[in-house]
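# I'd like to go over a predicted model; first the sequence, then the structure.
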Amino acid sequence: MAPDRPFLTVAEAAELIAARRLSPVELTETYLARIAALDDQLNSFVTVTAERARRDARKAEAEIMTSGPRGPLHGIPYSLKDIFDVAGVRTTAQSRLLASNVAVEDSACAAKLETAGAILLGKNATWEFAHGGPSWDVLFPPARNPWNTDHSPAGSSSGSAAAVAAGLAAMSLGTDTGGSIRSPAAACGIAGLKPTYGRVSRRGILPNCFSHDHAGPLAWTSRDLALIMTVIAGHDQRDPGSAAREVPDYIAALTGNVEGLVIGVPGRWLEDELPPSPATRAAFDAALGVFSALGAVVREISLPSIREYHAAIRVIAVSELFAIHAEDLRARPEMFGQSLRYRIIAGGLVRAEEYLLAQRARTDLARAMQDALAKVDVIMLPTSEPAERLQPVHPASLFTPSYTSPFSVAGNPALSVCNGFNEAGLPFSLQIVGRLFDEATVLRAGDAYERATPWRQRRPALRSPAAREPRASPETSTA
Amino acid sequence: MDEQQLSREDILSMARLAGLHLPASYEDELVEAYDHVRRLVALLPQPRLRGDEPAHVFDPVAFDPTTG
């Protein structure tokens, strides 16, 4: 049985729209009504483009009724992390510096979704410039996790993940520099893909760290991500990091068959360097058991220290972030939230020699990752621990290693899918990493796992305004 | 310069040379944050051989209008 309308997957909604059993206008109104009724619990949207959405939905519906859908995203309502430009709509990056910044041109991704007939509902909360957060001293409050609003949706594509998980949008686009699509997808129990570096254009997206920035989709399932990637992937001459590589048929890759798939597990990371909690480890082992039952083969692999990957990305990121924000840091540092300022200000003291040392380390580390992936089809490990409580955290927390950043350093495609729930009802997460430009295998594995497990049947239960009690403890500023 | 011996004043002086004339209330966070960065730099493999892979490879194809 299909879920309620706001919790339809993109694939389910597309099928109903194509069969003219679901109206894009009614679907859009459903999401707008839920945003109005429920988003004060989540803060997942910072801008709602309701009139634009209604206009585009009417246009899509008329066209579909006359000549059928242009493709599977025609008439599908979506949202964008608030660092993607949309002409005529403000792009704030959650920063007081950009409170009045209105874009004059669509980002490449927004333009492609517009051409596909998708319907923009609005822009989602992020961390400040996709790097500093969660923060209470920036333009908007941080987003909350729909599985438990006292918990964090992680970052930095926080609002994108929270909105999809809460049934406030069918899909969203985010960005991932060190884990910012995968970690929020993990915390919110949905699917999120960081494609290969260069696979999706970053043109018209505010930068975080040029050399590691990726754009990608968040939605309920791997199949949904494949549908979105079919639209947004491809070369863009105006993004110097864009890769001129053919885009395969991602949907055709979703065979449900993983027999013979060779899975590599980075044993040293999980046993010695950064062991997960027992519950997360148990969920991960259970997921490997599902793959084994489906005919996959699990092997341990060896990779360089996770700390080296972490050091390389952090030294590069702090340097590039400082370069991007140097003028404002020098002239008006008080306009930044404390979290972002702490995380980037020391970049002004990094020497060129040290930046180049980090870039050289990145080259070695990326090669080592590809060597490991020459022996296996995919690497698997947890994406992160279940969502933490939403509260001020010391900004230095970003200076500790994660399971996500090594694959940003190496540029490989990396998917996060839900692999269960803990005793508190918060999602566990499984990360599936593939060879460069082989999103198809990553999505095939994620889709096969989702088909074989019951986790996609569960949805968070947000209470309507009448059924709510006031939140007990108001947040304090970190400033 | 022996970086292990950098004092708070050394770090603040480096910041001023970088054009950061920060309010006193931000000095502590700069000194603390820079300590994290120095620890990360120390984790990077070094020294490197002179002929090691250059960190940046300029790819003219990315800028060639005929390859769009």
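Good, I have the coordinates.

# for the chain, what spans make up the helices?
Defaulting to chain A. Counting by DSSP state H, one finds helices in chain A at the ranges A:10-18, A:24-38, A:50-67, A:108-116, A:158-165, A:182-187, A:222-232, A:267-268, A:278-293, A:306-331, A:338-345, A:352-373, A:405-410, A:439-452.

# Chain B, not that one
Listed in chain order, the helices found in chain B under DSSP H are B:8-17, B:27-42.

# ok so, going back, now the helices of chain A in a markdown table, please, with extra columns for distance to chain B.
(Glycine included, C-beta is placed from N, CA and C.) Converted to a markdown table, the helices of chain A look like this (distance: least, Cβ to the nearest Cβ, whole Å):
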| stretch | distance to chain B |
| --- | --- |
| helix A:10-18 | 30 |
| helix A:24-38 | 33 |
| helix A:50-67 | 29 |
| helix A:108-116 | 13 |
| helix A:158-165 | 23 |
| helix A:182-187 | 20 |
| helix A:222-232 | 18 |
| helix A:267-268 | 16 |
| helix A:278-293 | 25 |
| helix A:306-331 | 4 |
| helix A:338-345 | 5 |
| helix A:352-373 | 3 |
| helix A:405-410 | 12 |
| helix A:439-452 | 21 |
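
# can I get those helices in CSV with mean pLDDT and mean neighbour count?
Formatted as CSV, the entries for these read as follows, by pLDDT from 0 to 100; neighbours: other Cβ atoms under 10 Å in any protein chain shown:
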stretch, mean pLDDT, mean neighbour count
helix A:10-18, 98, 21
helix A:24-38, 98, 19
helix A:50-67, 98, 16
helix A:108-116, 98, 21
helix A:158-165, 98, 35
helix A:182-187, 98, 34
helix A:222-232, 98, 25
helix A:267-268, 98, 14
helix A:278-293, 98, 16
helix A:306-331, 98, 22
helix A:338-345, 97, 26
helix A:352-373, 96, 18
helix A:405-410, 98, 26
helix A:439-452, 98, 24
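
# I'd like those laid out as TSV, including distance to A:G425.
Conversion of those to TSV gives the following (distance: least, Cβ to Cβ, whole Å):
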stretch	distance to A:G425
helix A:10-18	24
helix A:24-38	18
helix A:50-67	31
helix A:108-116	32
helix A:158-165	13
helix A:182-187	13
helix A:222-232	22
helix A:267-268	30
helix A:278-293	13
helix A:306-331	29
helix A:338-345	28
helix A:352-373	34
helix A:405-410	28
helix A:439-452	19
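
# Pull up the residues of chain B that are close to chain A.
With Cβ under 8 Å from any Cβ of the partner chain as the criterion, chain B comes near chain A at residues B:11, B:14-15, B:18-23, B:26, B:29-30, B:32-34, B:36-37, B:39-41, B:43-46, B:48, B:52-56, B:61-63, B:65, B:67-68.

# Kindly state the pLDDT recorded for the closest residue to chain A within chain B?
When scored by Cβ to the nearest Cβ, chain B has B:A55 as its residue closest to chain A, at 3.2 Å. What the model reports as pLDDT for B:A55 is 71.

# A:F322 reaches A:R343, doesn't it?
No: here A:F322 does not reach A:R343: they are 10.1 Å apart, not a contact under Cβ atoms under 8 Å.

# surely the residue of chain B closest to chain A meets A:E354?
No: with contact taken as Cβ under 8 Å, B:A55 and A:E354 are classed as non-touching, separated by 11.1 Å.

# give me every residue that touches A:R463.
Residues counted as contacts of A:R463 (Cβ atoms under 8 Å, 6 or more residues apart in numbering or on different chains) are A:Q41.

# And for A:V86?
Residues near A:V86 by Cβ under 8 Å, 6+ apart: A:T49, A:L80, A:A103, A:D106, A:S107, A:A110, A:L120, A:K123.

# Let me see the contact set for the residue nearest the centre of chain A.
Averaging the C-alpha coordinates of chain A gives a centre point, and the residue nearest to it by Cα atoms, centre = their mean is A:I181 (2.0 Å). A:I181 makes contacts with A:S157, A:S160, A:G174, A:T175, A:G192, A:L193, A:K194, A:H214, A:G216, A:P217, A:L218, A:S416, as judged by Cβ under 8 Å, 6+ apart.

# Which one (most neighbours) among these?
In terms of neighbours by other Cβ atoms under 10 Å in any protein chain shown, the contacts of A:I181 top out with A:S160 at 39 neighbours.

# isn't that one right up against A:P217?
No: in this structure A:S160 lies outside contact range of A:P217 using Cβ under 8 Å: 9.2 Å.

# Common neighbours of those two, please.
Between them, A:S160 and A:P217 share these contacting residues under Cβ under 8 Å, 6+ apart: A:S172, A:L173, A:G174, A:I181.

# What score does the first one have for pLDDT?
pLDDT, the model's per-residue confidence, is 99 for A:S172.

# ok, it - how many residues close by?
By the other Cβ under 10 Å criterion, the neighbourhood of A:S172 contains 31 residues.

# I figured it hits A:P217, correct?
Yes: proximity of A:S172 to A:P217 meets the contact threshold set by Cβ under 8 Å, at 7.4 Å.

# Quick check: closest non-adjacent residue to the closest residue to chain B within the stretch 51-200 of chain A.
With distances taken as Cβ to the nearest Cβ, the stretch 51-200 of chain A approaches chain B most closely at A:G198, which sits 9.2 Å away. Counting by Cβ to Cβ, 6 or more residues apart in numbering or on different chains, A:A243 is the residue found nearest to A:G198 once chain neighbours are left out, at 3.3 Å.

# Next: A:T404.
A:G179 (2.9 Å).

# how about the one you found, what does it touch?
A:K194, A:T383, A:S384, A:S402, A:Y403, A:T404, A:S405, A:S408.

# Quick one: neighbours of the residue nearest to A:E26 when sequence neighbours are not counted, just the number.
Computed as Cβ to Cβ, 6+ apart, the closest residue to A:E26 that is not its neighbour in sequence is A:R5, at 7.8 Å. The local packing count at A:R5 equals 17, with neighbours defined by other Cβ under 10 Å.

# do the same with A:I301
Residues lying near A:I301 (other Cβ under 10 Å) number 18.

# any idea how far it is from chain B?
According to Cβ to the nearest Cβ, to the nearest Å, A:I301 and chain B sit 20 Å apart.

# For chain B, see how far away the nearest residue to that residue once chain neighbours are set aside is.
The shortest distance from A:I301 to any non-neighbouring residue, by Cβ to Cβ, 6+ apart, is to A:G264 (3.7 Å). Look at A:G264 and chain B: by Cβ to the nearest Cβ, they are 23 Å apart.

# what does A:F428 give?
Using Cβ to the nearest Cβ, we find A:F428 at a distance of 29 Å from chain B.

# Contact partners for the nearest residue to that residue once chain neighbours are set aside?
If you skip the residues right next to it in sequence, A:F428 has A:A283 as its closest partner in space, 3.9 Å away by Cβ to Cβ, 6+ apart. The neighbours of A:A283, taking Cβ under 8 Å, 6+ apart as the test, are A:P382, A:N419, A:G420, A:N422, A:F428, A:L430.

# any idea which of the residues you listed is closest to chain B?
Using Cβ to the nearest Cβ, the shortest approach to chain B within those belongs to A:P382, at 22.7 Å.

# Was I right to think the closest one contacts A:V433?
No: at 11.9 Å, A:P382 and A:V433 do not qualify as touching, with contact defined as Cβ under 8 Å.

# ok, those two, which is more surrounded?
Neighbour count, other Cβ under 10 Å: between A:P382 and A:V433, A:V433 has more, with 28 against 24.

# Quick check: the more buried one touching A:V409?
No: no contact is recorded between A:V433 and A:V409 when judged using Cβ under 8 Å, the distance being 11.8 Å.

# tell me the contacts of residue 18?
No chain was given, so I picked chain A. Remark: with contacts taken as Cβ under 8 Å, 6+ apart, A:A18 is in contact with A:I64, A:G68, A:P69, A:P72.

# should've been chain B
Taking Cβ under 8 Å, 6+ apart as the contact definition, B:A18 lies against A:G348, A:L349.
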